[in-house]
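*Asks:* Have a look at this prediction, sequence included:
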Amino acid sequence: MEETKTVVFDLGAVLIDWNPQYLYKKIFAEEAKMEWFLEHICTSDWNEEQDAGRSFKTATDLLIQQHPEWEHEILAFWHRWEEMLAGPITGTVEILSTLRMAKRHQLLALTNWSAETFPIAQKKFDFLSWFDGIVMSGEEKTRKPFRDFYQIMLNRYSLKAEQCLFIDDNLRNIEGAAQLGIEGIHFTKPEELKAELVKRSILVG
């Protein structure tokens, strides 16, 4: 592997603690009912279409037509989206800060995120301004793990795939990056990420 010149971070579940359950635990009295709703109504697949550029209004109207009995709960996903944000994942933000201060690597974010809700996160989390660039699926109308999304990043910043290191909590997205020759780290928790970056001499131990 060539020397790493660019470190690429996913955002949700790596730097930002986002989870629909934070909202829906307030709406459902029974956890089992909440889990069923998120598995069968406002599903990950449904939400990923917003990440890829579909408007929340279109997505919400479609779902309410299919499941009118869940209208109140479906509308909450859009209208109360901010309540799904618990806050920063402090340990990873500290890693990002250390890399930023060292100025040895270009720092990018590659995120599956709706263009409609991303401004909310930008207002809440100052560290989103630390990146040298952010490639966001909602703006590009494609998303991880599709090849064209990674290629947009490589082309825009004139990157060599072999000189990039990609950090993501979703193994599917790591595997997608690998198809283009981008090495990845499957994120689980900040302590393990820090240890891996020290082992690669990207961070000083």
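*Replies:* That came in fine, so what should we check first?
*Asks:* Let me see the contact set for the residue lying closest to L203 once chain neighbours are set aside.
*Replies:* In this structure, L203 finds its nearest non-sequential neighbour in L197, 4.2 Å apart by C-beta to C-beta, 6 or more residues apart in numbering. C-betas here are computed from N, CA, C, even on glycine. Contacts for L197 were tallied using C-beta atoms under 8 Å, 6 or more residues apart in numbering; they are 95, 185, 203.
*Asks:* Show me the domain layout of the protein.
*Replies:* 6-17+87-199, 18-85 (automatic domain parsing).
*Asks:* Export only the CA atoms of the longest helix that the chain contains, formatted as PDB.
*Replies:* With secondary structure taken from DSSP state H, the chain has its longest helix at helix 90-102. Taking Å, rounded to 0.1, in the frame of the first residue of the first chain, the C-alpha atoms of helix 90-102 are listed here in PDB:
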ATOM      1  CA  THR A  90     -16.400  12.600  21.300                       C
ATOM      2  CA  GLY A  91     -13.500  10.100  20.900                       C
ATOM      3  CA  THR A  92     -13.700  10.200  17.100                       C
ATOM      4  CA  VAL A  93     -14.000  14.000  17.100                       C
ATOM      5  CA  GLU A  94     -10.800  14.100  19.200                       C
ATOM      6  CA  ILE A  95      -9.000  11.900  16.600                       C
ATOM      7  CA  LEU A  96     -10.200  14.200  13.800                       C
ATOM      8  CA  SER A  97      -8.900  17.200  15.800                       C
ATOM      9  CA  THR A  98      -5.500  15.600  16.300                       C
ATOM     10  CA  LEU A  99      -5.200  14.900  12.600                       C
ATOM     11  CA  ARG A 100      -6.300  18.400  11.700                       C
ATOM     12  CA  MET A 101      -3.700  20.000  14.000                       C
ATOM     13  CA  ALA A 102      -0.900  17.700  12.700                       C
END
